[in-house]
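Participant: Build me a model:
(one chain, ligands or ions: 1)
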Amino acid sequence: MNPTAPAASLPNASLRERLEWLMLFRVVVASLLLGSAVVANLDDPAGFSDPTYVAVAAIIIVTYLGTIGLALWLRRAAQLDLLVPVQILGDAFLATALVLMTGGIESIFTFLFFFTIFTGATLRGRQGALFTATIAALSYLVIFVIQFSSFGSVPTLFFADATASQQLPFDNVVVHVAAFYAVGFGAGYLAERIGQVGSELERRQLDIRQLRALNDNIVRSLSAGLVTLDLDGRVSFFNPAAAELTGITEEAARFQPLATLLPELATLLAEATRDATLPDGRIEGSLSHPSGDNRVIGLSVALLRDVRGLPNGYVLTFQDLTALKSMEVEVQRRDHLAAIGKLSAAIAHEIRNPLASISGCVELLAKRTPEGAEDRQLTDIVVREVDRLNGLVEEFLEYARPIQVSRRRFSLNELVAEVVQMATLDARVSEGVIIELMHHASGELVLDSDPQRIRQVLVNLVRNGCQAMERGGRLRVTTSRMAFGAGGSPYVAVQVDDTGPGLTEEVRQNLFEPFFTTKQSGTGLGLATSYRIVSELGGVLLADNAPGGGARFVLMMPLVSSSDLPVEVAPVASERVRGAVRAAAISTASHPVHASALPTRS
Ligand code: ADP
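Facilitator: Now for the predicted structure:
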């Protein structure tokens with residue numbers, strides 16, 4: 001039997017607490033004993049000098065002193081295991097001494113052994129109880145031996161009637177020893193059960209704490225705002241996302257009435273609870289933020305119930321739908337445009353055939369009409385207008401149908417030179433305009449792209465620039481190399497600057513939109529188509545005003561990366577371009593972008 005075995009099955013309290021409680025219990029029992037002995041002697045003051053009384057008083061005083069000593073030890077001791085056997089054996093010793101001096105096995109204080117067993121059970125469970133029951137039985141036997149081996153020869157002070165009986169009271173001993181073990185088993189069992197219940201309670205408490213921590217983590221890490229209200233409409237919980245969305249701190253919100261704290265939310269709550277038809281009690285509304293920006297939120301409301309199922313408040317969850325809403329609007333706009341585009345493409349297609357017939361018929365009519373006749377002038381007008389209409393339809397179909405690209409490697413230097421030359425030679429385009437071509441990059445600029453499409457874009461940029469300079473001017477086409485992106489990929493920028501009136505804010509905002517035109521005979525499809533082509537080919541098209549006046553358009557295309565094609569990196573200029581390009585690249589998915597910072601020559 002090991003009285004210092006770990007008390008795994010003992011009650012919940014710590015060993016220190018249990019030692020303290022037992023000390024208190026011992027002091028109370030000792031005081032009761034002393035008190036009752038004093039009361040018993042009050043009638044007969046001579047009793048105070050009775051040796052039994054003196055012995056009892058001495059043992060009780062020893063008990064007090066021992067308890068004080070133990071208490072001091074307990075305060076200082078870090079390791080309490082040694083205190084356990086000292087306490088158990090000390091109690092057994094005091095009980096034995098008291099019993100020995102108050103009549104031996106006939107003593108009325110034999111019940112004190114039961115307290116000792118209780119101490120053992122409290123400190124070391126079942127093992128402690130059986131251990132102390134054995135100590136009690138042994139002590140009882142020792143008392144018996146002392147008492148009955150000494151009668152006749154060594155008369156003791158206290159065994160008054162030990163000599164009265166010649167019969168040894170074995171039955172008394174057997175009953176007591178049996179009683180000690182019975183109490184030992186009972187107390188051990190009880191201590192063990194209490195220990196099990198205590199451990200179970202501790203485990204449940206731990207589970208509850210863990211569950212609470214989990215719940216807390218979940219609601220705190222929710223990206224949606226979560227607010228709980230009591231039935232009076234006061235805030236009882238406010239998670240960090242709610243604080244972020246409303247701009248009100250958790251501390252400021254706690255216990256405040258929602259109606260004064262967030263009136264908009266309170267109004268939405270009232271609407272949501274009033275309107276039973278709302279799906280999942282969900283409602284949308286706006287919420288103003290102290291920073292000034294209004295947010296669109298989606299609010300869901302649910303009734304909060306207590307453990308008995310009775311309503312005791314509300315749970316409000318709300319999300320910021322601002323970005324989602326603007327995306328929805330954008331998607332609707334795109335769907336709308338796509339639908340119009342499809343319909344218009346179908347109509348345009350149907351217009352082409354009758355136009356061809358009209359054109360054929362009018363040309364026939366023109367042939368039959370003598371040159372210079374008035375009817376001939378009329379047929380010429382019809383032919384011209386039919387041509388214009390045909391051009392418009394062609395251009396529109398070009399914009400509406402999916403862009404087909406066929407890639408190959410080609411030299412951009414040659415292509416740009418060709419476009420510039422053609423524009424210079426075409427008097428309709430370049431009348432009164434000086435066109436310059438400047439290569440700021442040495443060596444060949446090789447692209448892996450669709451040369452026809454790139455030509456189409458460049459022709460459009462050059463033509464637009466020339467058209468913008470109604471009273472003549474200078475159009476400068478510049479090519480330069482640059483590196484941008486995280487990996488510093490090589491790019492080419494073809495910059496088209498004119499000395500025209502430049503771009504007004506309205507034009508700058510809309511020039512890539514289909515059908516936006518400020519020209520009388522314009523279709524507003526040139527730049528919209530160019531933008532689509534460039535995006536499709538992995539490039540970027542930017543527009544802004546040039547620093548010296550006039551408009552500036554920049555086409556940026558990825559260059560073929562090759563070790564025999566040295567890439568010039570102009571750090572300052574390329575940094576500026578990088579910013580502009582990145583900003584554009586982010587937005588190209590949703591909407592054309594007009595860069596505010598355009599590259600200067602590198
Ligand atoms: P269109 O040439 O048929 O009008 P575009 O899509 O090519 O269609 O051009 C759209 C509009 O952009 C033009 O009507 C014009 O207002 C503006 N724009 C294009 N290029 C320039 C430029 N170089 N200078 C000033 N405005 C321009």
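
Participant: Please count neighbours and contacts with C-alpha atoms only from this point.
Facilitator: Will do.

Participant: for the stretch 351-500 of the chain, what are the low-confidence residue spans?
Facilitator: The model of the stretch 351-500 of the chain has pLDDT under 70 over residues 484-487.

Participant: need the residues of it near the ligand, please.
Facilitator: Asn464, Gly465, Ala468 (CA under 6 Å from any ligand atom).

Participant: Looking at those residues, which is nearest Ser530?
Facilitator: Closest approach to Ser530 among those (CA to CA): Asn464, at 11.9 Å.

Participant: Could you tell me how many residues sit around the closest one?
Facilitator: Neighbours of Asn464 under the rule other CA atoms under 10 Å: 17.

Participant: Report the secondary structure element holding it.
Facilitator: Here Asn464, judged by DSSP states H and E, is contained in helix 451-468.

Participant: Show me which positions of that helix end up buried.
Facilitator: Across helix 451-468, burial judged by 16 or more other CA atoms under 10 Å covers 451, 453-455, 457-468.

Participant: among these, which two are most distant?
Facilitator: Pro451 and Ala468 (25.5 Å).

Participant: ok now do Val433, which residues does it touch?
Facilitator: Residues in contact with Val433, defined by CA atoms under 8 Å, 6 or more residues apart in numbering, are Cys466, Met469, Gly472, Gly473, Arg474, Leu475.

Participant: For those, pick the one with the most neighbours.
Facilitator: Among those, the one with the most neighbours (other CA under 10 Å) is Cys466, at 28 neighbours.

Participant: I'd like the distance between that residue and Pro169.
Facilitator: 135 Å (CA to CA, to the nearest Å).

Participant: Ok, Gly35 next?
Facilitator: Gly35 is 31 Å from Pro169, by CA to CA.

Participant: So for the residue nearest the centre of the chain, what pLDDT did the model give?
Facilitator: With distances taken as CA atoms, centre = their mean, the chain has Ser221 as the residue nearest its mean C-alpha position (3.9 Å). On pLDDT, Ser221 comes in at 86.

Participant: ok, now Asp564?
Facilitator: For Asp564, pLDDT reads 46.

Participant: Do a quick rundown of the strands in the stretch 251-400 of the chain.
Facilitator: 282-288, 294-305, 311-320 (DSSP state E, counting those that start in this stretch).

Participant: Tabulate the ones you listed in a markdown table, adding columns for distance to Val27.
Facilitator: Output for the strands of the stretch 251-400 of the chain, formatted as a markdown table (distance: least, CA to CA, whole Å):
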| stretch | distance to Val27 |
| --- | --- |
| strand 282-288 | 67 |
| strand 294-305 | 51 |
| strand 311-320 | 50 |
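
Participant: Minimum distance to Leu392: which of these has it?
Facilitator: Comparing these by CA to CA, strand 294-305 comes nearest, at 42.3 Å.

Participant: quick one, that closest one and strand 282-288 angle?
Facilitator: For strand 294-305 against strand 282-288, the angle between stretch directions is 130 degrees (axes from the mean of the first three to the mean of the last three CA atoms, to 10 degrees).

Participant: Restricting to C-alpha, output strand 294-305 in PDB.
Facilitator: Taking C-alpha atoms only, strand 294-305 is exported to PDB below (Å, rounded to 0.1, in the frame of the first residue of the first chain):
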ATOM      1  CA  ASN A 294     -21.600  54.900 -47.900                       C
ATOM      2  CA  ARG A 295     -21.800  51.200 -48.100                       C
ATOM      3  CA  VAL A 296     -24.400  48.800 -49.500                       C
ATOM      4  CA  ILE A 297     -25.000  46.100 -47.000                       C
ATOM      5  CA  GLY A 298     -27.000  42.800 -47.000                       C
ATOM      6  CA  LEU A 299     -28.600  42.200 -43.600                       C
ATOM      7  CA  SER A 300     -29.900  38.900 -42.300                       C
ATOM      8  CA  VAL A 301     -31.800  38.700 -39.000                       C
ATOM      9  CA  ALA A 302     -32.600  35.700 -36.900                       C
ATOM     10  CA  LEU A 303     -34.300  35.300 -33.500                       C
ATOM     11  CA  LEU A 304     -32.000  34.400 -30.700                       C
ATOM     12  CA  ARG A 305     -33.400  31.800 -28.200                       C
END
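
Participant: Show me what that strand packs onto, helices and strands only.
Facilitator: Helices and strands touching strand 294-305, by 3 or more CA pairs under 8 Å, 6 or more residues apart in numbering; DSSP states H and E, are helix 263-274, strand 282-288, strand 311-320, helix 322-368.

Participant: Would you mind getting the angle between that strand and helix 322-368?
Facilitator: 130 degrees.

Participant: chain center to strand 294-305: distance?
Facilitator: Strand 294-305 has its C-alpha centroid displaced from the chain centroid by 19 Å (CA atoms, centre = their mean, to the nearest Å).

Participant: Quick one: name the residues of this structure near the ligand.
Facilitator: 464-465, 468, 502-503, 507, 511, 516-519, 522-528, 551.

Participant: Tell me where the model's unsure across the stretch 201-350 of the chain.
Facilitator: Ranges of the stretch 201-350 of the chain meeting pLDDT under 70: 275-281, 337.

Participant: Please name the nearest non-neighbouring residue to the residue of the stretch 351-500 of the chain found nearest the ligand.
Facilitator: The nearest approach of the stretch 351-500 of the chain to the ligand comes at Gly465, 3.6 Å away (CA to the nearest ligand atom). In space, and not counting its chain neighbours, Gly465 is closest to Asp498: 5.7 Å by CA to CA, 6 or more residues apart in numbering.

Participant: Give me the phi and psi for that neighbour.
Facilitator: Note on Asp498: its backbone torsions stand at phi -120, psi 170 [degrees, to the nearest 10].

Participant: from memory it sits against Arg474, does it?
Facilitator: Yes. At 5.9 Å, Asp498 counts as touching Arg474 under the criterion of CA atoms under 8 Å.

Participant: which one of the contacts of Val433 sits closest to Val416?
Facilitator: Distances from Val416 to the contacts of Val433, taken as CA to CA, are shortest for Leu475 (13.4 Å).

Participant: Name the SS class of the closest one, please.
Facilitator: Following DSSP: H, G, I helix; E, B strand; the rest coil, we place Leu475 in the strand state.

Participant: looking at it, it is touching Ile434, isn't it?
Facilitator: Yes. With contact defined as CA under 8 Å, Leu475 reaches Ile434; the gap is 6.1 Å.

Participant: What average pLDDT does the helix or strand hosting Ala137 get?
Facilitator: Counting by DSSP H and E, the element that carries Ala137 is helix 112-150. The average pLDDT within helix 112-150 is 88.

Participant: list the helices and strands the lengthiest helix in the chain packs on?
Facilitator: Ranked by residue count under DSSP state H, the longest helix found in the chain is helix 170-221. The helices and strands touching helix 170-221, judged by 3+ CA pairs under 8 Å, 6+ apart, are helix 112-150, helix 240-246.
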